[in-house]
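*Asks:* Structure here, sequence nowhere to be found:
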């Protein structure tokens, strides 16, 4: 129970060593450079699509008004138009806030016993929300920045993101803010699971694994950029070969790059079958994307079939004589 | 039914975004840049360090040089071949650009290809521009 993070940690170490051994000793550059990335991307795309299609098939028979605000009812009761939307517009605003600002996490509370006496208190716990935002947005920035390796000529918007990210101009190659924010935020998310006893108790290996995997990806990437230095032009000719379906494998690429690439492939393969699918799932969360108009409209279960009912009158017709015989009161005498 | 259209539309947009590098580069002929060495560089034959080291680490050398020149006032650097060089990007015959005279054919080719925008030339000007 206690050391689930160790399983995840060992898994990550094995995943790092795997390409190291295979490339150093067996020279499997083509497998790790070409076959695995294409397979991983295909699994990611097909897995993602099949998951979402599966979800789209599931029944949504009724609205779930588990809301965080007053539902629209009588005119003199003030309704909360965003937290309990009864119009489509309200739902759109609620979804946008959820997707771009993680509004549900913003309401995260912490439960504790009051210092002054045996009283339970719920306090507002903001850090998870702050670091979750930092993590997701810096990860997005890192991904956008990486598009410089996959496009030629490079679109202006990617260059602009890169310029803004490197605005501090510290060191050469200059540091990118997003990489450090990403590392800090993900370390917080990992330590949070380890340090808070309640969170640690409910955490599974599947919770630690993606965190550690992303930490390993970030560290291997930063190691290449800031410490070991790699042949960037060689790597770009390799990545461009991949996206143009004319794979080339330059000899100048270091093993660390293959480790980085293999970990990213692992993340892609792992993605559709794990909790990471909240990326698609957030759009389909029924408590967020349905209008709370249960008081305005009657929602009838679409697959309701006519139920055969046996009324009391019919029951009495069936057993009237026996009931009278037993002295039970009947509504209709014979 | 309405929801399904939204879901599948969203899924389509997602796939389009994920496969962006594949369709964006359709029809583009991306070729890794070739560096053109100037006559002076060909004549000198060796740089301050060997080729692969310079290819990966030149920015770090320049960063250290800048520090040494601006903060410490040291101006000479012993190359890996034992020769002494002036620590300078653009002034003098044995500075970087004394040998690599053509910025657009030497520096910019790779920088543009890999979308690297060094701010060297915010302060320095390439020697040719003086004439």
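*Replies:* Looks like it arrived, so ask away. All values reported here derive from a predicted model rather than from experimental measurement.
*Asks:* Please identify the helix or strand for residue 53.
*Replies:* Using chain A here. For residue A:53, the host element (DSSP states H and E) is helix A:36-57.
*Asks:* other chain: chain B
*Replies:* Residue B:53 belongs to helix B:51-67, assigned by DSSP H and E.
*Asks:* which residues touch that helix?
*Replies:* A:171-173, A:229-233, A:252, B:47-49, B:77, B:80, B:87-89, B:96, B:118, B:120 (Cβ atoms under 8 Å, 6 or more residues apart in numbering or on different chains). (C-beta placed from N, C-alpha, C; glycine too.)
*Asks:* ok now that helix, how far from the chain's centre?
*Replies:* Chain-centre distance of helix B:51-67: 11 Å, with Cα atoms, centre = their mean, to the nearest Å.
*Asks:* The helix or strand following that helix - what's its average pLDDT?
*Replies:* Sequence order places strand B:76-78 as the next helix or strand after helix B:51-67, per DSSP H and E. In this model, strand B:76-78 has a mean pLDDT of 86.
*Asks:* how near is residue A:190 to residue A:205?
*Replies:* Distance of residue A:190 to residue A:205, given as Cβ to Cβ, to the nearest Å: 13 Å.
*Asks:* With neighbour numbers in mind, choose between those two.
*Replies:* residue A:190 (19 against 16; other Cβ atoms under 10 Å in any protein chain shown).
*Asks:* Hmm, residue A:208 and the more buried one touching each other?
*Replies:* Yes: counting by Cβ atoms under 8 Å, residue A:190 does reach residue A:208; the two are 7.2 Å apart.
*Asks:* those helices in chain B, which residues are they?
*Replies:* Secondary structure of chain B (DSSP state H): helices located at B:2-18, B:20-24, B:39-44, B:51-67, B:96-99, B:103-113, B:120-123, B:127-130.
*Asks:* quick revisit: can you select the buried ones among the contacts of helix B:51-67 for me in PyMOL?
*Replies:* Applying 16 or more other Cβ atoms under 10 Å in any protein chain shown to the contacts of helix B:51-67 leaves a buried subset, and the PyMOL line that selects it is:
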select buried, (chain A and resi 172+229+230+231+232+233) or (chain B and resi 47+48+77+87+88+89+96+120)
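*Asks:* Return the subset of the contacts of helix B:51-67 lying in strands.
*Replies:* Using DSSP state E, residue B:77 are the members of the contacts of helix B:51-67 that sit in strands.
*Asks:* got any ranges where chain B has weak pLDDT?
*Replies:* Within chain B, the ranges that satisfy pLDDT under 70 run B:1, B:127-131.
*Asks:* Would you mind listing what in it touches chain A?
*Replies:* By the rule Cβ under 8 Å from any Cβ of the partner chain, the part of chain B lying against chain A is B:3-4, B:7-8, B:10-11, B:14-15, B:18-22, B:24-25, B:28, B:30, B:32-33, B:52, B:55-57, B:59-60, B:62-63, B:110, B:113-119.
*Asks:* Nearest to the middle of chain A, which residue? Look it up for me.
*Replies:* residue A:278 (2.9 Å; Cα atoms, centre = their mean).
*Asks:* Which strand or helix spans that one?
*Replies:* Element membership for residue A:278 (DSSP H and E) is helix A:278-281.
*Asks:* by contact count, what packs against that helix?
*Replies:* helix A:36-57 (3 or more Cβ pairs under 8 Å, 6 or more residues apart in numbering or on different chains; DSSP states H and E).
*Asks:* And the contacts of the helix it packs on?
*Replies:* With contact meaning Cβ under 8 Å, 6+ apart, helix A:36-57 is reached by A:242, A:261-262, A:264-266, A:268-269, A:271-273, A:277, A:280-281, A:284, B:3-4, B:7-8, B:11, B:14-15, B:18-19.
*Asks:* go again using 7 Å as the cut-off
*Replies:* Contacts to helix A:36-57, defined as Cβ atoms under 7 Å, 6 or more residues apart in numbering or on different chains, come from residues A:242, A:261-262, A:265, A:268-269, A:271-273, A:277, A:280, A:284, B:4, B:7, B:11, B:15, B:18.
*Asks:* for stretch A:276-296, same thing?
*Replies:* By Cβ under 7 Å, 6+ apart, the residues outside stretch A:276-296 that reach it are A:48, A:51-52, A:55, A:60, A:63-67, A:71-73, A:84-88, A:91, A:94-95, A:98-99, A:210, A:270-271, B:10.
*Asks:* for stretch A:192-201, same thing?
*Replies:* Against stretch A:192-201 from outside (Cβ under 7 Å, 6+ apart): A:5, A:128, A:203, A:207-208.
*Asks:* on that earlier part again, identify each buried residue in the next helix-or-strand element following the helix holding residue A:278, please.
*Replies:* On the C-terminal side of helix A:278-281, the closest following helix or strand by DSSP H and E is helix A:286-289. Using 16+ other Cβ under 10 Å as the test for burial, helix A:286-289 gives A:288-289.
*Asks:* Return the distance of helix A:286-289 from the chain's centre.
*Replies:* Counting by Cα atoms, centre = their mean, helix A:286-289 comes out at 15 Å from the chain centroid.
*Asks:* middle-most residue in chain B, spatially?
*Replies:* Nearest to chain B centroid, counting by Cα atoms, centre = their mean: residue B:111, 3.7 Å.
*Asks:* In contact with it: list those residues for me.
*Replies:* Residue B:111 sits next to residue B:118 when contact means Cβ under 7 Å, 6+ apart.
*Asks:* redo that, cut-off 10 Å
*Replies:* A:232-233, B:33, B:103, B:117-118, B:120 (Cβ atoms under 10 Å, 6 or more residues apart in numbering or on different chains).
*Asks:* in terms of contact, does residue B:93 touch residue B:86 like I think?
*Replies:* Yes: when contacts are counted by Cβ atoms under 10 Å, residue B:93 is listed as touching residue B:86 (8.5 Å).
*Asks:* Between these two, tell me which one has more neighbours.
*Replies:* Remark: of residue B:93 and residue B:86, residue B:86 carries more neighbours, 16 against 8, as counted by other Cβ under 10 Å.
*Asks:* That one pairs with what?
*Replies:* Beta-bridge pairing for residue B:86 (DSSP bridges): residue B:76.
*Asks:* ok, now how distant is it from chain A?
*Replies:* Noted for residue B:86: a distance of 19 Å to chain A, by Cβ to the nearest Cβ, to the nearest Å.
*Asks:* just residue B:100 next, same as before
*Replies:* 16 Å.
*Asks:* How about the contacts made by that residue?
*Replies:* B:35-38, B:40-41, B:44, B:47, B:89, B:106-107, B:126.
*Asks:* Is residue A:111 in a helix, a strand, or coil?
*Replies:* strand (DSSP: H, G, I helix; E, B strand; the rest coil).
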